[in-house]
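[1] Here's a sequence, model it:
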Amino acid sequence: MSTGASQPSRLPLRGLLFGLVALVGWTAYVIIARHGALVGFSPLDLAVARLVPAGLIFLPYLLYFGWRDLGGIGWGRGVVLAVVGGPAFGFLMAGGFTLAPVTHGAVIGPATLTLGATLLSVVFLGERPGRRRIVGLIAIIAGILMVGSGALDSAITGRILLGDLLLIAANFSFAVFTILLRVWQVPPLRGAAVVTVLSMATMLPVYLLIGDVDRIALIGWDEFAIQWLGQGVFAGCIATAAFMAAVQLLGPSRGAVFPSAIPASAVLVGAPLLNEIPGGIQIWGVVVVTIGLVLAVGLLDRRQT
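    I've put the predicted structure just below:
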């Protein structure tokens, strides 16, 4: 009896720890990527920095699991996972960070991930969110609109709104990725290896051909190293593997809430560091999104059981 009772409590705790590692990594990713855009790196520079270093790290693991069938995942599924979780996500996010302030990247993108993952879970996995979770999703939408409304008062409204759309598209792509992980029962480490290695194999040759070395040297190789270590090693490798483990243990919609907690952490840390202080309505938007996330993850429902 005691063994059977203790097992359910261990799995959520492990999922929580993995999710927190992912949260810290992706909070740093938002700040580092936006900083990279501000100092002059292109979307290609930023996307490559996110995916290529992680691919180099995961390459030995993929070779160990088996290259011919991509560690048992298969080439068909592996390519699909790599596309939606690799270049599609990386390029769209990098474009969003280039065009929109850090508050937009911290709020709009991650909140879209929770919305997308929950919607896809309802459609494809048969999950049925309760009333509190539905209220939370509505709050998330309201918070996104509040944050996005700040662009209406800007002299570069069109540029910021385009960045917001790119952030939304990027995180919906990653929501598809989370659902596929669950449906195909992809082991976390193998999934991370397949996504990053295939992304590296497709992006690195292109980058070597068209990358602007002179511009990178002008920005500074120290800044280049910050991007590769912060995005690629911490966010692209460690946080990605941790997030995959959280998804396996908690499910896609609840696993997605950890990177979606980025609004509070990234705005509190990133806005002062990057001198992109949000306006009053945007701050309230962060608060509303955070409340919505607490409801959407179902924590209050869980306490009642």
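
[2] Quick one: mean pLDDT for stretch 175-195?
    Confidence over stretch 175-195 (mean pLDDT, whole number) is 85.

[3] no, scratch that, I was asking about stretch 278-288
    Throughout stretch 278-288, pLDDT has a mean value of 90.

[4] Using CSV, list the CA coordinates for that stretch.
    Written as CSV, here are the backbone C-alpha positions of stretch 278-288 (Å, rounded to 0.1, in the frame of the first residue of the first chain):
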residue,chain,number,x,y,z
PRO,A,278,6.8,48.5,-19.9
GLY,A,279,3.9,50.9,-19.5
GLY,A,280,1.2,50.6,-16.9
ILE,A,281,-1.2,48.6,-19.0
GLN,A,282,1.5,46.2,-20.0
ILE,A,283,2.5,45.6,-16.4
TRP,A,284,-1.1,44.8,-15.6
GLY,A,285,-1.1,42.6,-18.7
VAL,A,286,1.8,40.6,-17.1
VAL,A,287,-0.2,40.3,-13.9
VAL,A,288,-3.3,39.1,-15.7
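
[5] what comes into contact with it?
    Outside of stretch 278-288, the residues within contact range by Cβ atoms under 8 Å, 6 or more residues apart in numbering are 101, 103, 106-107, 139-140, 142-147, 149-150, 153, 263-264, 267, 271. C-beta coordinates here come from the backbone N, C-alpha and C atoms, glycine included.

[6] Counting by contacts, list what whichever strand or helix holds residue 144 packs against.
    In this structure, residue 144 is located in helix 131-148 according to DSSP states H and E. Identification of packing neighbours for helix 131-148 by 3 or more Cβ pairs under 8 Å, 6 or more residues apart in numbering; DSSP states H and E yields helix 102-124, helix 280-296, helix 299-303.

[7] mind running it again at 7 Å?
    Using 3 or more Cβ pairs under 7 Å, 6 or more residues apart in numbering; DSSP states H and E as the contact criterion, the neighbours of helix 131-148 among helices and strands are helix 102-124, helix 280-296.

[8] Show me which parts of that helix are buried, residue by residue.
    Residues of helix 131-148 classed as buried: 132-133, 136-137, 139-144, 146-148 (neighbour count, 16 or more other Cβ atoms under 10 Å).

[9] and stretch 61-71, average pLDDT?
    The average pLDDT within stretch 61-71 is 88.

[10] Tell me the gap between it and the middle of its chain.
    Chain-centre distance of stretch 61-71: 25 Å, with Cα atoms, centre = their mean, to the nearest Å.

[11] Could you work out the end-to-end span of it for me?
    The straight-line separation of the ends of stretch 61-71 (Cα to Cα, to the nearest Å) is 9 Å.

[12] What number of residues are in the vicinity of the residue nearest to residue 226 when sequence neighbours are not counted?
    Closest residue to residue 226 apart from its sequence neighbours, by Cβ to Cβ, 6 or more residues apart in numbering: residue 32 at 6.4 Å. Residue crowding around residue 32 was assessed by other Cβ atoms under 10 Å; the count is 23.

[13] For residue 32, pull up the helix or strand it's in.
    When elements are defined using DSSP H and E, residue 32 is found to belong to helix 2-39.

[14] What of residue 55?
    For residue 55, the element it lies in under DSSP H and E is helix 43-65.
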